[in-house]
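J.: I'll drop the sequence and a predicted model, then ask my questions.
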Amino acid sequence: MFLLVFLTSFITMEFIAWSLHKYVMHGFLWEVHRDHHEPHSKRMERNDAFALVFAIPSFLMILFGGLIDKPLLAATGYGVMAYGFTYFLVHEVIIHRRFKFFRGRGRYLRGLIIAHRHHHVVRTKEGSKNFGMLVVHPRYFSSNVQRAPGANR
Ligand SMILES: [Zn+2]
Ligand SMILES: [Zn+2]
């Protein structure tokens, strides 16, 4: 049961991350997300603050799951945490190469990279597509899909 809850939490996070990105980050919190869409040479982005949005509840669920002996609450927290690490690896390391310790290979990762580059072609609040991270349209996995020229991030 622990594993099932963990996996459900992980999978649900893709949907939550997608909706937050589409409706909140490209919505009323665009000012926080904006610098992730603009060229810059800063080490950190305001946009990084969103990592806390997921880290805090995840930490609290793990903490209280242990304190009040609710393993499934902890499982949910671990699912969120695992998603956060995966998101970091895919988005920060493999796609944007902010840390260069790992390079993504293979058709699946290539598809994710291209889809997210297409997200970055648009630098404004409106008009972006591909708000998901681990689940993207199947067309991005085809071998003749175009990379996005002009997407510098
Ligand atoms: Zn965006
Ligand atoms: Zn990005």
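T.: Yep, it's here. Ligands and ions are numbered 1, 2, ... in the order given.
J.: state the distance from the residue nearest the centre of the chain to residue 9.
T.: A centroid search over the chain (C-alpha atoms, centre = their mean) returns residue 87, at 4.3 Å, as the residue closest to the centre. Per C-beta to C-beta, to the nearest Å, residue 87 is found 14 Å from residue 9. Any C-beta I mention is one placed from the backbone N, CA and C, and that applies to glycine too.
J.: circling back: so the residue nearest to the centre of the chain sits against residue 17, correct?
T.: Yes. If you go by C-beta atoms under 8 Å, residue 87 and residue 17 touch, sitting 6.8 Å apart.
J.: list residues touching both of those two?
T.: Any residue near both residue 87 and residue 17 by C-beta atoms under 8 Å, 6 or more residues apart in numbering counts here, and that gives residue 133.
J.: just the pLDDT for the residue lying closest to residue 81 once chain neighbours are set aside.
T.: Among residues not flanking residue 81 along the chain, residue 58 sits closest, at 4.7 Å (C-beta to C-beta, 6 or more residues apart in numbering). Note on residue 58: pLDDT of 97.
J.: residue 129 now?
T.: Residue 129 is given a pLDDT of 89.
J.: does it fall in a helix, a strand, or a coil region?
T.: Of the three states, residue 129 takes coil under DSSP: H, G, I helix; E, B strand; the rest coil.
J.: who's in contact with it?
T.: Counting by C-beta under 8 Å, 6+ apart, residue 129 has contacts 118, 119, 122.
J.: mind doing that once more with 7 Å?
T.: 118, 119 (C-beta atoms under 7 Å, 6 or more residues apart in numbering).
J.: show me what counts as buried in stretch 15-23.
T.: 17, 18, 20, 21 (16 or more other C-beta atoms under 10 Å).
J.: just the mean pLDDT for that stretch, thanks.
T.: Mean predicted confidence for stretch 15-23 is 96.
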